[in-house]
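A.B. asks: sequence and computational prediction follow.
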Amino acid sequence: MATADEQQDPRIARISSAIRVIPDFPKPGIMFQDITTLLLDTKAFKDTIDLFVERYRDKNISVVAGVEARGFIFGPPIALAIGAKFVPMRKPNKLPGEVISEEYSLEYGTDKMEMHVGAVEAGEHALVIDDLIATGGTLCAAVKLLERVGVHVVECACVIELLGLKGRERLGDRPLFVLVNST
Amino acid sequence: MAGIMFQDITTLLLNPKAFKDTIDLFVERYKGKNISVVAGIEARGFIFGPPIALAIGAKFVPLRKPRKLPGEVISEKYILEYGRDCLEMHVGAVKSGERALVVDDLIATGGTLCAAMNLLERAGAEVVECACVIELPDLKGRERLNGKPLYVLVESH
């Protein structure tokens, strides 16, 4: 199980405390992990990116896929630092041109994620980035989109993991790296 | 929809050198100008804003569609071609007197950028400049910015 927390990197404490918890959002009973306060702490935000970059540079990763919308905040700085392409994974009808879609289940109902045809090539090595993993449904859909076109997903990377929602299990044997755990 | 020539920046993002050069051009312009806030407009402003913010040592503030930001927000309504929309910013994200950039991938009519500037100014920040990768000059968005400077890398007619 890979978290930076286990290695007690000294930067983690500040990152963790910069994340704000908002109760009852988007609905009663949910404790929302708000990363926007992390983005206001320039050192903590830089440290967050650095921790990912240190892990992934020189690993022959040519694709960083970021899940809309908060994955768009963390993915591009990592992609730029490691010299990879950035590929946005979006809700339906946002990407112009030809796309492939993957449907995934929500608590109630389903949603779809899309990726551009031709954004990635078979054989490329990819990371999937999002701010947080909960049930793992969104990350799993992103991984499947990439695997369907022959890309090898090296790892999924998130700032936060919500333990107890079994997201890690839903990813199966695909590795997951997170900086902060939350119960 | 029919009739619109959509400017798709995703192909830029697939070219690491071009993407890096895009960010570098903005960073070279804004580094050392005492800018402490980079505000990015959902969602494509989230792609360009954070790398600029990180490089110049500024905070990144996401400006979002309604009900996406948790906690207390301020809202600014704006007019679209058909109907209205609304942009939100967290209360407390910016402090009075801070110098801010607004970043988006593209300026068309300028409605969204204008709403973004209004949010920042209502919170007491000074908007130093709006920065976009692409401008569609025929849509006269520049005129909608109330005299605020606009910097773009590419014009598309």
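C.D. replies: That came through fine.
A.B. asks: how about B:G45, what does it touch?
C.D. replies: B:A39, B:L63, B:V102, B:V103, B:D104, B:D105 (Cβ atoms under 8 Å, 6 or more residues apart in numbering or on different chains). For every residue, glycine as well, the C-beta is placed using N, CA and C.
A.B. asks: the second one and chain A, how far apart?
C.D. replies: Relative to chain A, B:L63 is positioned 11 Å away (criterion: Cβ to the nearest Cβ, to the nearest Å).
A.B. asks: go on, B:L12?
C.D. replies: Distance from B:L12 to chain A, by Cβ to the nearest Cβ: 9 Å.
A.B. asks: ok, B:K68 - how many residues close by?
C.D. replies: Per other Cβ atoms under 10 Å in any protein chain shown, the neighbour tally for B:K68 reads 15.
A.B. asks: now do the one 4 residues further on
C.D. replies: Counted by other Cβ under 10 Å, the residues lying close to B:E72 total 9.
A.B. asks: show the pLDDT at the spatially closest residue to it that is not a sequence neighbour.
C.D. replies: Leaving out its chain neighbours, the residue that sits closest to B:E72 by Cβ to Cβ, 6 or more residues apart in numbering or on different chains is B:V91, at 4.2 Å. Confidence at B:V91, expressed as pLDDT, is 98.
A.B. asks: is it true that B:V91 touches B:L69?
C.D. replies: No - the criterion here is Cβ atoms under 8 Å, and B:V91 misses it with B:L69 at 9.6 Å.
A.B. asks: who's more crowded, these two?
C.D. replies: Higher neighbour count among B:V91 and B:L69: B:L69, with 22 against 12, using other Cβ under 10 Å.
A.B. asks: so that one is in contact with B:E42, correct?
C.D. replies: No - with contact defined as Cβ under 8 Å, B:L69 does not count as touching B:E42 (9.6 Å).
A.B. asks: between these two, which contacts overlap?
C.D. replies: Common neighbours of B:L69 and B:E42 (Cβ under 8 Å, 6+ apart) are B:P62.
A.B. asks: show me what from chain A comes close to chain B.
C.D. replies: Neighbours of chain B within chain A, by Cβ under 8 Å from any Cβ of the partner chain: A:20, A:22, A:25-26, A:32, A:34, A:36, A:39-42, A:45-46, A:49, A:68-70, A:72-74, A:76-77, A:79-80, A:83-88, A:90, A:94-97, A:116, A:119.
A.B. asks: next SSE after the host helix or strand of B:S75?
C.D. replies: Taking DSSP states H and E as the definition, B:S75 sits inside strand B:73-79. Where DSSP H and E defines the elements, the next helix or strand beyond strand B:73-79 is strand B:84-90.
A.B. asks: got the angle for that following strand vs strand B:73-79?
C.D. replies: 160 degrees (axes from the mean of the first three to the mean of the last three Cα atoms, to 10 degrees).
A.B. asks: can you tell me the closest non-neighbouring residue to residue 157?
C.D. replies: Using chain A. A:F177 (4.8 Å).
A.B. asks: hmm, no, I was thinking of chain B.
C.D. replies: B:D138 (6.0 Å).
A.B. asks: which SS state does that neighbour fall under?
C.D. replies: helix (DSSP: H, G, I helix; E, B strand; the rest coil).
A.B. asks: wait, B:G40 touches B:A58, no?
C.D. replies: No - between B:G40 and B:A58 there is no contact under Cβ under 8 Å: 11.0 Å.
A.B. asks: rounded mean pLDDT for the longest helix along chain A, please.
C.D. replies: Counting by DSSP state H, the longest helix found in chain A is helix A:42-56. Averaging pLDDT along helix A:42-56 yields 98.
A.B. asks: how far does stretch A:77-94 stretch from start to finish?
C.D. replies: End-to-end distance for stretch A:77-94, by Cα to Cα, to the nearest Å: 22 Å.
A.B. asks: off-centre distance for it?
C.D. replies: 11 Å (Cα atoms, centre = their mean, to the nearest Å).
A.B. asks: where do the helices sit along chain B?
C.D. replies: Under DSSP H, chain B gives helices at B:10-13, B:16-30, B:45-56, B:111-122.
A.B. asks: residues touching the residue most central in space within chain B, list them.
C.D. replies: Geometric centre of chain B, nearest residue: B:V103, 2.5 Å, by Cα atoms, centre = their mean. By Cβ under 8 Å, 6+ apart, B:V103 lies in contact with B:F26, B:V38, B:A39, B:G40, B:I41, B:G45, B:F48, B:G49, B:I52, B:C130, B:A131, B:C132.
A.B. asks: distance check, it against B:M117.
C.D. replies: 12 Å (Cβ to Cβ, to the nearest Å).
A.B. asks: anything in contact with each of those two?
C.D. replies: B:C130.
A.B. asks: what is the burial count for residue 108?
C.D. replies: You didn't say which chain, so I picked chain A. 5.
A.B. asks: try chain B instead
C.D. replies: 20.
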